[in-house]
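[1] pasting the sequence and the predicted coordinates here, then a few questions.
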Amino acid sequence: QALGRFQEARAAFDEECRLAISHSDEFTEMHCLVGEASVSMMLGELGDERQLDVAQHYLDRFARLLEQAGAPSDSPPARAYLLVQSRVQLARGKLAEARSGFERVIIERPHDMMNMDGYLGVSMTALAANDAARAVEFARRAMPLAVARQGDLPYSYYVGSASLWLGRALLRAGGRVERR
């Protein structure tokens, strides 16, 4: 999925969902549903707006499972749901709802890696709202977490993504793009 191989990712998530349902494994079903929703959301962001409706369908099923499981709002599955739901809302231009969702992903554990995704989401939403200063602030907050996620690897999707959003925010703010 992160490599843009959406059809292969969808096939893998389809199989994961089939197995999860056949074994009544709700946690694995939640994982496959958020994966399916994420693939559909990314395709929707690329211009196939029907995929945003497909993503919402998966998210609705995921939300029902979260509710049945009684998952706390700061649990990883609940936060993963919020991330994808907020990206769908952002793609639909619902900036206030998207920002609120991304902000709820961020929790009071400074080294929590999901915070990076929340920070980048707030940055994306701020850019869409033409608030360059806020976009820069939250993209900068994401950078140390992205670097920590990179570990010993020479290249990282996370550092690349955080750098991309920081660069976009700095350009919008009229600043110079920083070198790493």
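    Okay, I see it.
[2] show me what contacts the most centrally placed residue in the chain?
    Central residue of the chain (C-alpha atoms, centre = their mean): Leu83, 4.2 Å from the mean position. Shown in contact with Leu83 (C-beta atoms under 8 Å, 6 or more residues apart in numbering): Gly101, Phe102, Val105, Met114, Asp117, Gly118, Gly121. C-betas here are computed from N, CA, C, even on glycine.
[3] can you redo those as a markdown table with secondary structure?
    Shown next, in a markdown table, are the contacts of Leu83 (DSSP: H, G, I helix; E, B strand; the rest coil):
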| residue | secondary structure |
| --- | --- |
| Gly101 | helix |
| Phe102 | helix |
| Val105 | helix |
| Met114 | helix |
| Asp117 | helix |
| Gly118 | helix |
| Gly121 | helix |
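[4] show me the two of those that sit farthest apart.
    Maximum pairwise distance among these (C-beta to C-beta): 12.6 Å, between Gly101 and Met114.
[5] compare those two (neighbour count), which wins?
    Comparing Gly101 with Met114 by other C-beta atoms under 10 Å, the one with more neighbours is Gly101, at 25 against 18.
[6] mind checking which helix or strand the closest residue to the more buried one other than its chain neighbours is in?
    In space, and not counting its chain neighbours, Gly101 is closest to Ser86: 3.3 Å by C-beta to C-beta, 6 or more residues apart in numbering. Ser86 is part of helix 76-91 when elements are defined by DSSP states H and E.
[7] buried stuff in that helix?
    77-91 (16 or more other C-beta atoms under 10 Å).
[8] ok, how many other residues are close to Pro72?
    Pro72, neighbours per other C-beta under 10 Å, totals 11.
[9] skip the chain neighbours and tell me the closest residue to it.
    Nearest one to Pro72, counting by C-beta to C-beta, 6+ apart, is Ala78 at 6.6 Å.
[10] kindly state the pLDDT recorded for that neighbour?
    Ala78 carries a pLDDT value of 95.
[11] check contacts around it.
    Taking C-beta under 8 Å, 6+ apart, one finds Leu66, Ala71, Pro72 in contact with Ala78.
[12] likewise Asp74?
    Ile107.
[13] His111: which element?
    Counting by DSSP H and E, His111 is part of no helix or strand.
[14] backbone phi and psi for it, please?
    phi -100, psi 10 (degrees, to the nearest 10).
[15] I'd assumed Val147 was in contact with it.
    No - the criterion here is C-beta atoms under 8 Å, and His111 misses it with Val147 at 11.8 Å.
[16] separation between the residue nearest to Phe6 when sequence neighbours are not counted and Ala169?
    In space, and not counting its chain neighbours, Phe6 is closest to Val39: 5.3 Å by C-beta to C-beta, 6+ apart. Relative to Ala169, Val39 is positioned 26 Å away (C-beta to C-beta, to the nearest Å).
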